[in-house]
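Engineer: fold the following for me, if possible:
(chains A and B)
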Amino acid sequence: MEKRELTCIGCPMGCQITVELEGQEVLSVTGNTCGIGDRYARNEVVHPERTVTSTVVVDGGDKPRCSVKTAGNIPKDLISACMKEIDSVRVNAPVRIGDVIIENVLDTGVNVVATRNIN
Amino acid sequence: MISYDIVIIGGGPAGLAAAISARKSGIEKILILERDRELGGILNQCIHNGFGLHTFKEELTGPEYAYRFIEQVEEEQIEYRLNTMVMDISPDRIVTAMSREEGVVQIQAGAIILAMGCRERPRGALNIPGYRPAGIFSAGTAQRLVNIEGYLPGREVVILGSGDIGLIMARRMTLEGAKVKVVAELMPYSGGLKRNIVQCLNDFDIPLKLSHTVVDIEGKEHVTAVTIAQVDEHNKPIPGTEERYPCDTLLLSCGLIPENELSSKAGVKLNPVTSGPVVNEGLETSIPGVFACGNVLHVHDLVDYVSEEAAKAGTSAARFVKQEKTDVSSGHVVELKATDGARYTVPCTVNVDAMEDLLTVRFRVGSVFKNSYVSVYFEDERIQHLKKRILAPGEMEQVILQKKKLQEKPDLNTITIRIEAE
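Structural biologist: Residues are numbered from 1 along each chain as shown, chains lettered A, B, ... in the order given. Sure, this is the predicted structure:
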C-alpha cells in the first residue's frame, strides 16, 4: 500500500490530505474538511487536473486584453498546449463574461470562456 | 458643500461590499470614490481562479468576483466617481477629493468607510545591495503589465519573497514563456498560501529556497544577474552559500502594507502590528463615524473574508448614520489581546452591549505551528481550545465569540488569544 501526502488546492484553506492507495485504486482519503478535498485527492493521485487562466488579445475594445479561463479543469499535462491555443486567439470587442472564446479546447470537452467584460 | 450619508474611499472589493451592505441597511446617499479608471480594485488584475468559494460556492477569477459586486452596485444605483483621488479626510468627516473633471471638491460625510487597500513593500524598504538597473518590479506591477496591459516584463526571472502575488506570478510568467529560475524567501517558511506553493511552484518544478535572500544585483542598464545566499537565524547571509543566477528580471513579493496615509493624517489610531486602524466590534476606528475594512485594516489572503468584513463595516456605518448605535460610554467594553504566538486581533475591543450574537475575531500567528491549539481565554479561564494541524503566518485564522458567553461575565476585562502546544 502506498501513502501520499497532498495539499488540497480546491480552496485557499489548503487542507493537508493523506491518500492511501493500492496501485490506481484509492483506499482512503483523510485530512480533508469538505467534499472538494475528497474529489481533489482522488483525482490528483490518478489523473491530476487544473484550471488554466490567461488573457487573449482584444481588437477594438476599451482594454488591450481580455482575461479568460477554462470553464472546467483540464488534464495537467495539457496546460502548455492549452496556453498555445489561447495565445493564438484574437477576439473582437465587445466581450461579455462567459462568452465562449475557444470551444472544446484540445478535445477536452471544456470551453475557454471570457472572465471580464470589454466594451 | 455637497453631502452624503456615507462616503466610501476605494472602489475595490472592500469598498464595493461595504456600499452594497450600507444600501441594504437603508442608506440612500452613498458615494464611492475610486482613483483608478474602473471599479474592482486589484481583483481586475488577479485573473487566476480561486475567488468566491466561501461567498458564492463557486470558483471565480478575480474580475468575475469583482463583477458580481459591481453589478449589484449598478443595480442599486449607488453613486461612484472614478479617476478621483482623495487628498484628505478631516476628523469632522469632510472628504477632500480631486479629479481632472471636477478639480478639488469637498464632501461632508455622515460616515466614512476607509477601503483604500494596501500596497507592496518596495525595493527601497528592503535594503537589497547591488545596482539599481531596470528590470526590478514588484510582483503586482508585473501582474498588471502581463494581465492588463499585455506586456511580459522579462524572460529569465528570479523572485524574492514568497507572498501570494509572487507565487501567482511565478506560474503566470512561466505560462507566458518566461523561465522562473528560483523563488527565494528570507523566512524559514513561505509567506503565501499552501495551495499556491503546490499549483504555482511544484506544478512547474520551480525551486523555493527558504531562508535565502538576494545579496547582489548585477547590471548597470538592465538586470543581468542576481545572487542569492542562505541566511542564518539572524537573517544574515552566510558566506560561501552564494548562488548566482543570470537573469533579466527580479520580482519582489515581500509583503503588503495597508495604505493609511489618509487615516493617520486624520488622526485615526493605528495598530503598529498590522499598520491598520485600531477598530472596535463594529470596525469603527478611534474617530467616531470613521470605519475601516479590507486590506487597509489588515492584509487578507482571502477576498471572501474582505467582502464579509466590509459588509459589516457597511452595516455599522449605516447604524451610525441612523444613530441606532449603542452608547459606547455606557457599554461593557472588553479588550482583545493576542499573545503566545498570536500577533494581533481584529477587532481590538468589543463592546458586549453593542455586539451581535456572534463576533468573528481574525488574527495571524507569528511563525509556523504544527498540531497546536488556538485557545481563547476570558481572563485566566480557558473558554475555547481548538486543535489545528497547521498554523502559518501566511494564513489568517479566526475564532468566533458568542455574545451570551460574554454577557455571563459582567466583570470581564480582557479576552486573550493564545497558541498552545496542548
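Engineer: rest of the way, CA atoms for contacts and neighbours
Structural biologist: Will do.
Engineer: give me the nearest residue to the residue of chain A found nearest chain B, chain neighbours excluded.
Structural biologist: Nearest residue of chain A to chain B: A:Ile9, at 4.7 Å (CA to the nearest CA). Spatial nearest neighbour of A:Ile9, excluding adjacent residues (CA to CA, 6 or more residues apart in numbering or on different chains): B:Arg195 at 4.7 Å.
Engineer: neighbours around B:Arg37, how many?
Structural biologist: With neighbours defined by other CA atoms under 10 Å in any protein chain shown, the count for B:Arg37 comes to 11.
Engineer: B:Leu82 is in contact with that one, correct?
Structural biologist: Yes. Here B:Arg37 lies in contact with B:Leu82, judged by CA atoms under 8 Å, at a distance of 5.5 Å.
Engineer: give me the distance from stretch B:122-135 to the chain's centre.
Structural biologist: Computed by CA atoms, centre = their mean, to the nearest Å, the chain-centroid distance of stretch B:122-135 equals 24 Å.
Engineer: how about the strands in chain A?
Structural biologist: According to DSSP state E, chain A carries its strands in the segments A:2-7, A:16-22, A:25-30, A:49-50, A:53-59, A:65-70, A:74-75, A:90-92, A:100-102, A:112-114.
Engineer: can I get these in JSON lines including mean pLDDT?
Structural biologist: JSON lines is the format used below for those (pLDDT from 0 to 100):
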{"stretch": "strand A:2-7", "mean pLDDT": "90"}
{"stretch": "strand A:16-22", "mean pLDDT": "92"}
{"stretch": "strand A:25-30", "mean pLDDT": "92"}
{"stretch": "strand A:49-50", "mean pLDDT": "92"}
{"stretch": "strand A:53-59", "mean pLDDT": "97"}
{"stretch": "strand A:65-70", "mean pLDDT": "98"}
{"stretch": "strand A:74-75", "mean pLDDT": "96"}
{"stretch": "strand A:90-92", "mean pLDDT": "96"}
{"stretch": "strand A:100-102", "mean pLDDT": "98"}
{"stretch": "strand A:112-114", "mean pLDDT": "98"}
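Engineer: looking at it, the residue nearest to A:Ile9 is touching A:Gln16, isn't it?
Structural biologist: No. Taking CA under 8 Å as the definition, B:Arg195 is not a contact partner of A:Gln16, at 9.9 Å.
Engineer: my read: B:Glu259 touches B:Arg119, true?
Structural biologist: Yes. With contacts defined as CA under 8 Å, B:Glu259 counts as touching B:Arg119 at a distance of 6.3 Å.
Engineer: between those two, point out the one with more neighbours.
Structural biologist: Higher neighbour count among B:Glu259 and B:Arg119: B:Glu259, with 21 against 16, using other CA under 10 Å.
Engineer: that one and B:Glu101: what is the separation?
Structural biologist: To B:Glu101, B:Glu259 is 25 Å away according to CA to CA, to the nearest Å.
Engineer: next one: B:Ile228
Structural biologist: In terms of CA to CA, B:Ile228 sits 48 Å off from B:Glu101.
Engineer: these two: which has the busier surroundings?
Structural biologist: B:Ile228 (24 against 8).
Engineer: the longest helix in chain A is where?
Structural biologist: helix A:35-46 (DSSP state H).
Engineer: residue boundaries of the strands in the stretch 251-400 of chain B?
Structural biologist: Residue ranges of the strands in the stretch 251-400 of chain B, as given by DSSP state E, counting those that start in this stretch, are B:256-258, B:290-292, B:333-338, B:342-346, B:349-351, B:358-365, B:369-378, B:381-391, B:397-402.
Engineer: what helices and strands are in contact with the longest one?
Structural biologist: This points to strand B:381-391. The contact analysis (3 or more CA pairs under 8 Å, 6 or more residues apart in numbering or on different chains; DSSP states H and E) places strand B:381-391 against strand B:369-378.
Engineer: so is the strand it packs on next to chain A?
Structural biologist: No. Judged by CA under 8 Å from any CA of the partner chain, strand B:369-378 stays clear of chain A, getting no closer than 11.6 Å.
Engineer: run the angle between that strand and strand B:397-402 for me.
Structural biologist: Angle, strand B:369-378 to strand B:397-402, by axes from the mean of the first three to the mean of the last three CA atoms, to 10 degrees: 30 degrees.
Engineer: spell out which parts of chain B neighbour chain A.
Structural biologist: Applying CA under 8 Å from any CA, one finds that chain B approaches chain A through B:47-50, B:53, B:61, B:63-64, B:67, B:147-150, B:172, B:175-176, B:193-196, B:198-199, B:302.
Engineer: that older thread, which helices and strands does the strand or helix carrying the residue nearest to A:Ile9 pack with?
Structural biologist: Per DSSP states H and E, B:Arg195 falls inside helix B:194-196. When contacts are defined as 3+ CA pairs under 8 Å, 6+ apart, helix B:194-196 packs onto helix B:164-175.
Engineer: for the helix it packs on, packing partners?
Structural biologist: Packed next to helix B:164-175, using 3+ CA pairs under 8 Å, 6+ apart, are helix B:139-144, strand B:156-160, strand B:179-185, helix B:194-196.
Engineer: tabulate the ones you listed in a markdown table, adding columns for distance to B:Val346.
Structural biologist: Below are these laid out as a markdown table (distance: least, CA to CA, whole Å):
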| stretch | distance to B:Val346 |
| --- | --- |
| helix B:139-144 | 26 |
| strand B:156-160 | 29 |
| strand B:179-185 | 27 |
| helix B:194-196 | 23 |
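Engineer: can you pull the contacts of B:Lys57?
Structural biologist: Residues near B:Lys57 by CA atoms under 8 Å, 6 or more residues apart in numbering or on different chains: none.
Engineer: need the per-residue pLDDT for it.
Structural biologist: Listed pLDDT for B:Lys57 reads 86.
Engineer: is it in a helix, a strand, or coil?
Structural biologist: Following DSSP: H, G, I helix; E, B strand; the rest coil, B:Lys57 is assigned to coil.
Engineer: try the one 10 residues further on
Structural biologist: Using three-state DSSP as the criterion, the local structure at B:Tyr67 reads helix.
Engineer: how close does the residue of chain A closest to chain B get to B:Val7?
Structural biologist: From A:Ile9 to B:Val7 the distance is 38 Å (CA to CA).
Engineer: looking at these two, which is more packed in?
Structural biologist: B:Val7 (29 against 23).
Engineer: hmm, B:Ala111 and that one touching each other?
Structural biologist: Yes. Using CA under 8 Å, B:Val7 is in contact with B:Ala111, at 6.5 Å.
Engineer: may I have the residues that are in contact with the nearest residue to B:Met98 once chain neighbours are set aside?
Structural biologist: In this structure, B:Met98 finds its nearest non-sequential neighbour in B:Val104, 4.4 Å apart by CA to CA, 6+ apart. The neighbours of B:Val104, taking CA under 8 Å, 6+ apart as the test, are B:Thr96, B:Ala97, B:Met98.
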